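Trainee: Build me a model from this:
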Amino acid sequence: MERTNFAAYDTDDLWRKDRDHYIHPWTNFATFKDRGSEVMAEAEGVYVYNSDGDRFIDGIGGLWCVNIGYGRDEMAEAIADQARRICYYSTFTNLTTPPAAELAAKLAEIAPANLNHVFYGTGGSMANDTAIRIIHFYFNRLGKPAKKKIIARVDGYHGSTYLAMSMTGVAFDHQGFDLAPGLVHHIPSPNPYRRAQGMSVDAFRDEKVADLENKILELGPENVACFIAEPIMGAGGVIVPPPGYHKRTAEVCRKYGVITISDEVVTGFGRVGHFFASEPVFDFAPDIITAAKGITSGYVPLSATLLSDEIYDVISVPQAKGALFTHGFTYSGHPVSCAAGLKNIEIIEREDICGHVREVGPYFEQRLATLLDLPIVGDVRGKGFMLCVENVADKETKALFDPGVDIGGRIARHCQARGVIVRPVAHLNVLSPPLILERGHIDTIVETLRESITAAQDDLVREGLWKG
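Mentor: Numbering: from 1, shown residues only. Just a heads-up that it's a prediction; the model follows:
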């Protein structure tokens, strides 16, 4: 530990209180009561510290979100200053606050040209729910009330509210929970690593684009409202689709009058080198962009649903005398959150953090790819500061380990014991660190991963779970 001002924490007391009272997202109840949670107590730059003072490189950026790094005094001051001026006021009907207005204008400035209108929430799930509710309202106003169905993708992740999880195509996350029946329809994932043997990447792209068009035709274009897709699929495996995929799917949607939603909750605000990835990286202009996470670098909750002029021009026409646009939340446009968003964008622009990602990201990709010589590493993929290692039991067949082996979790625990936090997602290990990471940090992360994957392989051989 290098910090000299580290506070004193009672780890055992915090551990018990957390175990006994806090229901965590994605809890493994098979182990939680015994293992509990490690208490992360402080942070600085790219490092986090547990309550005992142990230091870790944060290889996951909190959860895809601490883009500018931890402990930024100017961010803390911006949040505190706004809380002193006006900590909160309703933005319902004809009320606003300076940060809400300023941030909306700034988001319109940095977004693709026709996305000039912003609806605020407090998280990615809320942003995506808002997009769907507005799209349904939009088609109602156009006299097309049958256009309600949503097309999403297998392994896409769009959130954890009832509707957002219905759009999420990660089957593991649906266990025991209900979904909205008949509303959401999933097409196959555009994962090039899992394409048929002998198929070219271009042919695979054409097949995945055809999957979308065929689904629209199957459901009937008059019934399909929208297609929602992440530019790079995040929690579903950091899947970068084949070149040209997004441009082609957007063209299909325009052909049939289907709204395109680009879920940039993860890819937004610099993670792949641009404020938004849709247009500069993937060459398509969506009708809606949803954003959260990196919009404030995780310092306070905020999300945004950015709408095209075309959509706004329809929904902003009064539907009847005295009728209102009855959608919104208590904390829509929260002034403290919006002040944090403005400061976050200011820091990213001033320090050219997007340029840093464009410069250092290829080095990260190249260094991580060196792990492909390890026996269980089947694929290394991603872009910029959004990367993934896929671990397999057999590299030739791409067969996976039995889920009970918990290969991703084993590797993550070895990494954490060595001072680096990576995210386990089933058989994957995901990396989404703060965007201020330097080459030396990257070298440490990759070297730690190599040691940890090797240690996990040795464990499996010793336990008779893998022959090696």
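Trainee: So which helix or strand of this structure has the lowest pLDDT on average?
Mentor: helix 29-35 (a mean of 92; mean pLDDT, DSSP states H and E).
Trainee: Show me what it is packed against.
Mentor: Judged by 3 or more C-beta pairs under 8 Å, 6 or more residues apart in numbering; DSSP states H and E, helix 29-35 has no packing partners among the helices and strands. Every C-beta, even on glycine, is put in place using the N, C-alpha and C of the backbone.
Trainee: Could you check how far that helix is from the centre of its chain?
Mentor: 26 Å (C-alpha atoms, centre = their mean, to the nearest Å).
Trainee: now stretch 169-184, how far from the chain's geometric center?
Mentor: That offset, for stretch 169-184, works out to 19 Å (C-alpha atoms, centre = their mean).
Trainee: Check what contacts it and list those residues.
Mentor: If you take C-beta atoms under 8 Å, 6 or more residues apart in numbering as the criterion, stretch 169-184 is touched by 148-157, 160, 162-163, 165-168, 186, 189, 235-236, 426.
Trainee: Just the buried residues out of the residues you listed, in ChimeraX syntax.
Mentor: Per 16 or more other C-beta atoms under 10 Å, the buried members of the contacts of stretch 169-184 correspond to this ChimeraX selection:
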select :148,149,150,151,152,153,154,155,156,157,163,165,166,167,168,186,189,235,236,426
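Trainee: Out of the contacts of stretch 169-184, list just those in helices.
Mentor: Using DSSP state H, the subset of those located in helices is 162-163, 165-167.
Trainee: which other residues reach stretch 382-390?
Mentor: For stretch 382-390, the surrounding residues in contact (C-beta under 8 Å, 6+ apart) are 61, 64, 193, 232, 234, 237-238, 240, 266-267, 270-273, 281, 357-358, 361, 364-365, 368, 371, 377-381, 427-433, 435, 437, 449, 453.
Trainee: distance of the nearest residue to E451 once chain neighbours are set aside from D81?
Mentor: Leaving out its chain neighbours, the residue that sits closest to E451 by C-beta to C-beta, 6 or more residues apart in numbering is R418, at 6.3 Å. According to C-beta to C-beta, to the nearest Å, R418 and D81 sit 40 Å apart.
Trainee: Between those two, which is the more surrounded one?
Mentor: Legend: neighbour count by other C-beta atoms under 10 Å for R418 and D81, higher for R418 (16 against 12).
Trainee: so where do the strands sit in the stretch 251-400 of the chain?
Mentor: All strands of the stretch 251-400 of the chain, identified by DSSP state E, counting those that start in this stretch, fall at 259-263, 288-291, 303-308, 377-383, 386-391.
Trainee: Looking at those, which is nearest to Y245?
Mentor: For Y245, the closest of the strands of the stretch 251-400 of the chain is strand 259-263, at 12.5 Å, according to C-beta to C-beta.
Trainee: Please identify the buried residues of the host helix or strand of A80?
Mentor: Counting by DSSP states H and E, the element that carries A80 is helix 73-85. Neighbour counts over helix 73-85 (16+ other C-beta under 10 Å) mark 75, 78-79, 82 as buried.
Trainee: with those residues in mind, which one is nearest to I407?
Mentor: M75 (36.9 Å).
Trainee: residues contacting the closest one?
Mentor: For M75, the contacting residues are 68, 297, 299, 340, 343-344, 347, by C-beta under 8 Å, 6+ apart.
Trainee: picking up where we left off before, give me the buried subset of the contacts of stretch 382-390.
Mentor: Among the contacts of stretch 382-390, those scoring as buried are 61, 64, 232, 234, 237-238, 240, 266-267, 270-273, 281, 357, 361, 364-365, 368, 371, 377-381, 427-433, 435, 437, 449, 453 (criterion: 16+ other C-beta under 10 Å).
Trainee: Which single one of the ones in helices among the contacts of stretch 169-184 is nearest to A111?
Mentor: M167 (21.7 Å).
Trainee: State the distance from that closest one to V446.
Mentor: Counting by C-beta to C-beta, the separation of M167 from V446 is 34 Å.
Trainee: Then K247?
Mentor: Taking C-beta to C-beta, one finds K247 at 32 Å from V446.
Trainee: can you confirm A104 is in a helix?
Mentor: Yes: read with DSSP: H, G, I helix; E, B strand; the rest coil, A104 is one of the residues of a helix.
Trainee: Okay, it and G270: tell me how far apart.
Mentor: For A104, the distance to G270 equals 20 Å [C-beta to C-beta].
Trainee: try E351
Mentor: E351 is 10 Å from G270, by C-beta to C-beta.
Trainee: quick one, what contacts the residue sitting nearest the centre point of the chain?
Mentor: Centroid-nearest residue in the chain, with C-alpha atoms, centre = their mean: V266, separated by 3.0 Å. V266 is in contact with 64, 230, 232, 234, 293-294, 386, 432, counting by C-beta under 8 Å, 6+ apart.
Trainee: With distance to V48 and neighbour count as extra columns, can I get the contacts of M75 in a markdown table?
Mentor: Shown next, in a markdown table, are the contacts of M75 (distance: C-beta to C-beta, whole Å; neighbours: other C-beta atoms under 10 Å):
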| residue | distance to V48 | neighbour count |
| --- | --- | --- |
| I68 | 15 | 27 |
| S297 | 14 | 29 |
| Y299 | 14 | 23 |
| A340 | 19 | 26 |
| K343 | 21 | 25 |
| N344 | 19 | 27 |
| I347 | 19 | 19 |
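Trainee: which residues does the spatially closest residue to V201 that is not a sequence neighbour contact?
Mentor: Leaving aside its sequence neighbours, V201 sits nearest to P242 (C-beta to C-beta, 6+ apart; 4.9 Å). By C-beta under 8 Å, 6+ apart, the contact set of P242 is 190, 192, 201-202, 204-205, 208.
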